[in-house]
Structures are given as C-alpha cells and as structure tokens.
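In: Build me a model:
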Amino acid sequence: MAELTVLLAGLSFPEAPRWREGRLFFSDFYTHEVAAVDLAGKRELIALVPGQPSGLGWLPNGRLLIVSMVDRKLLRLDSGGPTALADLSGLAGGWCNDMVVDGEGRAYVGNFGFDRYAGEKPRPAKLIRVDPDGAVSAVADDLHFPNGMVITPDGRTLIVGESRGRRLTAFDIGPGGTLSGRRLFADLAPNLPDGICLDAEGAVWSADPLRNELIRVNEGGEVIGRISAGERCAVACMLGGPDGRTLFVCTNTTIGPEAAQARAGRIEVTRVDVPHAGLP
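Out: Here you go, the predicted model:
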C-alpha cells in the first residue's frame, strides 16, 4: 500500500489543492491565506482572503479565482489584490466551498446548503455557475453538500462530489455551460467524498475525512485503489508533479473549527501509476 510523506506542515486547514506551473496552490482556511508550495517544500503567500478562502481556479488569461467562503463571494486576484467578481449569497444556502473552472473561464461553485455551524438542519443546495463577466446562475439543484468537482479532458462532463449524499454525480456540459443529463457516476457509501481529482483512465480519487482514507473509483462505483491516511483526516487531493503522478493530499487531525488553533494541517504526497487528467 502507498504511504504518505509530509511535504508541508504547520497549516491550519489546507484545502483545494491545485497543481499549476511547477507548484501546488492551496487555501489555508483559518489563516485566510492562499499559498503555493514547490516540491522542495518552499512556500509562498499568494493572497489574503478575509472571508476565508476555499476553491481555486484560473481564467484563460491566467488570473486566479478564489472562493470566499463566509461572505459567499467569488474573487478574482488582480494586480492590487483580490476583488469581488460575483456575489453568490442570493443562491448559496450556506457557506461556499469548492469549485472547478472550465476552459472558457466559467466557475462552478458548490456550497453547504445550510448553516452547519448555527445548528440548522441539512437541506439541499444549488450548484452555482459564474461566467467570466460575473453573471451568476443556478445550473443544478437538490444536491446534498456539493463539494469537490472535476471536468473531463474533453470538457463535456462535470462530476460533483456530494458529501452528504455519499456519491459522485455527473452532468453533461452543454453550450454556454448549461448542465443536463444528471446521472449517478458512483455510489461511494459508506465513504464520504470531500475533495476529488481525475486521472487519465477516467477514475476519480476521492478524499474521505471521516474514514481517513482516499479511494480511487471507476464510473459505476468500483473501488480500484485505496490509500490510508492513518489517524489523520484526508480532506482533499490533487494529481500533479512534472509527470502528473504525484498525489497531493491535504490532511488534518480534525475537520472542525478547532483546527484553527491546532495548526496540525499538512500537505502530504505519494506516487501513483496513472497521471492527472482534466480540470482542475
């Protein structure tokens, strides 16, 4: 079985890992930082996001998009710092979380659907699309905590991890970024999907923070790979490195707000056989 080794430690809550131009970009929730780290462990601060950063992605012109969780906004990193591209509060029923940005610069953003920290009862959420001009629309509904997302290399399929639904749900991407053809990609129960990534064989790696592991699944739900995170929560994952075969994993000792003070978050790595594909 593959073993994880530590690349970077001392983080509050690393999430949304993205490999780009020789570095892994990630959000660190409770320090409000978007940062990047290279394979030697050298870290650089990229941006500060007071509303707590989560999902990351890039426009075709190279500008970084950042989900601001608590105030439910999508930010664009300009030369003077992050600026608001879109306000998602009219459609997001809870804090915003992960996203994927397609090749045209359209961002698909998930949200909790309810205020989990105020004790609200869970309710379904809408999946929100933000166009490059900042236009906001709901493109799917009745999703149970839409979280990690990937887009296939041909740009025609979006796969969403529904954390509370314990499943991966697929949609066809149509003209203008519309979604249709909703279908079950994989029933993951008893596993819970958080962050996910896609490989060149069409399989999805899914991080499970409750069962402390990562699973690799085919369409249909067959588990064809499994990596233990030991006693640590596996929160998110990303394939990258020069050959796309390094699996980066965000881990922590807990998934609650108490992680803010513990500073026990890590980015860990292992090697896999099948390289990255698609977006992010």
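In: Leu184 contacts Thr169, doesn't it?
Out: Yes - taking CB atoms under 8 Å as the definition, Leu184 is a contact partner of Thr169 at 6.4 Å. Glycine gets a C-beta too; all of them are placed from N, C-alpha and C.
In: who's more crowded, these two?
Out: Under the neighbour definition other CB atoms under 10 Å, Leu184 and Thr169 were set side by side, and Thr169 has more, 22 against 13.
In: can you give me the strands in the stretch 1-150 of the chain?
Out: 5-11, 14-20, 23-28, 33-37, 43-48, 53-58, 64-68, 73-78, 81-87, 96-101, 107-111, 125-130, 136-143, 146-151 (DSSP state E, counting those that start in this stretch).
In: In a markdown table, list the ones you listed along with mean pLDDT, distance to Gly119 and mean neighbour count.
Out: What follows is the strands of the stretch 1-150 of the chain, written out as a markdown table (pLDDT from 0 to 100; distance: least, CB to CB, whole Å; neighbours: other CB atoms under 10 Å):
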| stretch | mean pLDDT | distance to Gly119 | mean neighbour count |
| --- | --- | --- | --- |
| strand 5-11 | 98 | 28 | 16 |
| strand 14-20 | 98 | 23 | 24 |
| strand 23-28 | 98 | 25 | 25 |
| strand 33-37 | 98 | 28 | 20 |
| strand 43-48 | 98 | 30 | 15 |
| strand 53-58 | 98 | 21 | 26 |
| strand 64-68 | 98 | 23 | 25 |
| strand 73-78 | 98 | 24 | 20 |
| strand 81-87 | 97 | 25 | 17 |
| strand 96-101 | 98 | 19 | 27 |
| strand 107-111 | 98 | 17 | 28 |
| strand 125-130 | 98 | 17 | 25 |
| strand 136-143 | 98 | 21 | 17 |
| strand 146-151 | 98 | 20 | 28 |
